[in-house]
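# Please work out how this folds:
(2 chains)
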Protein chains: 2
Amino acid sequence: MQIETPPAERRSEKPDGERRGIVLVNTGNGKGKSTAAFGLALRAHGRGKPVKIFQFMKVPTARFGEHRMFEQLGIPIEGLGDGFTWKSRDIDQSAELARAGWERARAAVLGGEFFLVVLDEITYPLIYGWLPLEEVLQVLRDRPRHVHVVLTGRRCPPEVIEIADTVTEMGLIKHAFQAGVPAQRGIED
Amino acid sequence: MQIETPPAERRSEKPDGERRGIVLVNTGNGKGKSTAAFGLALRAHGRGKPVKIFQFMKVPTARFGEHRMFEQLGIPIEGLGDGFTWKSRDIDQSAELARAGWERARAAVLGGEFFLVVLDEITYPLIYGWLPLEEVLQVLRDRPRHVHVVLTGRRCPPEVIEIADTVTEMGLIKHAFQAGVPAQRGIED
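Residues are numbered from 1 along each chain as shown, chains lettered A, B, ... in the order given. Model prediction:
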């Protein structure tokens, strides 16, 4: 380990532009894309801001740890799908669900009543061609100026990254799965 | 955008090793290191697991959005420091605070009463040489087998990455600050 001298001055200048809603993207193969979006929703809600979370690849009845907590806090979280595609019995039905879900998410982003809208795992219906990419881009561009939107999922389309303000690539350095440790309740769900 | 065929089968094999507590690291220059740790704490707490969050670079009185929510949920979160070093009036005092805080964190990790212990921004006191790296590594190695630990912060020492199970590099692709958009309440704090 290299020892560093603690910085005595803040390194970055404070941006002097206007405050406005931003588009955030959490992509990459590493862990933390959705949990970081949830942490952000928690933070915004804690500041008294109205927040809404849509999950494109979760079933409406999902009761993971985060769902239980968001329910307790009064943060609305809505599963729009029927699980990952290998669990789907009818892929056309999955695509149809995604489109119906998108109509709800679209209305929430454009409606302006939310400070922050999370579109969790929206990259999958996009890259499967289930959602119209151009329309998603247009909704992000047309949203009210104060609305923040977070999009998560692997392999985010470059067109979305292009119009986003803050993009984080969660890179997989290593994962406990690789060492044979199975998924665990409270860590993975 | 490249359209993909939705996978009809789960790509990865299910690991068949033993369930055990893991060490997770969220590092890199991108956004989402702490918020992903908070999302994980939320998830674990939602599964009824005891969780404790220590923050090495926050003051004990910090009242960011996440603190307000964790308080409401009964998730203990403790600021151990006096803010980032450029806010410090006495750097020796900051180092002393970090060492005193580490004693508390150490006891929590070794005590075994927590399912998950978050050591938020612990990389800074490590790379400033305020905390004994070898001792931190030894505590991670010696912890009870069921205890999960999450460490966050930039420039994580390679020795910590070496013994970690799951490591995510939050890479900065772009940030709204670069476009001149200032930090905003509910997004950055």
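
# Could I have the CA atoms of stretch A:40-48 written out in CSV?
Output of stretch A:40-48 as CSV, limited to C-alpha atoms (Å, rounded to 0.1, in the frame of the first residue of the first chain):
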residue,chain,number,x,y,z
LEU,A,40,-29.9,7.1,-3.8
ALA,A,41,-33.7,6.7,-3.5
LEU,A,42,-33.2,6.3,0.3
ARG,A,43,-31.2,9.5,0.4
ALA,A,44,-33.7,11.5,-1.7
HIS,A,45,-36.6,10.2,0.4
GLY,A,46,-34.7,11.1,3.5
ARG,A,47,-34.6,14.7,2.2
GLY,A,48,-38.3,14.7,1.9
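
# Enumerate the positions of that stretch that are buried.
Across stretch A:40-48, burial judged by 16 or more other Cβ atoms under 10 Å in any protein chain shown covers A:40, A:41, A:42, A:43, A:44, A:45, A:46, A:47. Any C-beta I mention is one placed from the backbone N, CA and C, and that applies to glycine too.

# So which of these reach chain B?
When contact is defined as Cβ under 8 Å from any Cβ of the partner chain, those meet chain B at A:40, A:42, A:43, A:44, A:45, A:46, A:47.

# want to throw the residues you listed into a markdown table with distance to residue A:105, secondary structure and pLDDT?
Supplementary listing: those in a markdown table, determined by distance: Cβ to Cβ, whole Å; DSSP: H, G, I helix; E, B strand; the rest coil; pLDDT from 0 to 100:
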| residue | distance to residue A:105 | secondary structure | pLDDT |
| --- | --- | --- | --- |
| A:40 | 17 | helix | 98 |
| A:42 | 20 | helix | 98 |
| A:43 | 21 | helix | 98 |
| A:44 | 17 | helix | 98 |
| A:45 | 18 | helix | 98 |
| A:46 | 23 | helix | 98 |
| A:47 | 22 | coil | 98 |
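
# Output the residues you listed in a markdown table; the columns should cover distance to residue A:70.
Formatted as a markdown table, those follow (distance: Cβ to Cβ, whole Å):
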| residue | distance to residue A:70 |
| --- | --- |
| A:40 | 13 |
| A:42 | 8 |
| A:43 | 13 |
| A:44 | 12 |
| A:45 | 9 |
| A:46 | 12 |
| A:47 | 16 |
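
# What's the local residue count around residue A:180?
Neighbourhood size, residue A:180 [other Cβ atoms under 10 Å in any protein chain shown]: 12.

# Once you drop chain neighbours, what's closest to it?
Nearest non-adjacent residue to residue A:180, counting by Cβ to Cβ, 6 or more residues apart in numbering or on different chains: residue B:17, 3.1 Å away.

# Am I right that the one you found is in contact with residue A:184?
No: contact between residue B:17 and residue A:184 fails when scored by Cβ atoms under 8 Å: they sit 11.3 Å apart.

# more neighbours, those two?
The neighbour comparison of residue B:17 against residue A:184 (other Cβ under 10 Å) goes to residue A:184, with 19 against 11.

# Strands of chain A, start to end?
For chain A, the strands defined by DSSP state E cover A:23-27, A:51-55, A:77-79, A:116-120, A:148-152, A:166-174.

# Which among the ones you listed is found nearest to chain B?
strand A:166-174 (3.7 Å; Cβ to the nearest Cβ).

# Can you name the residues in contact with that closest one?
A:22-33, A:36, A:156, A:161, B:25, B:28, B:30-32, B:36, B:161, B:164-176 (Cβ atoms under 8 Å, 6 or more residues apart in numbering or on different chains).
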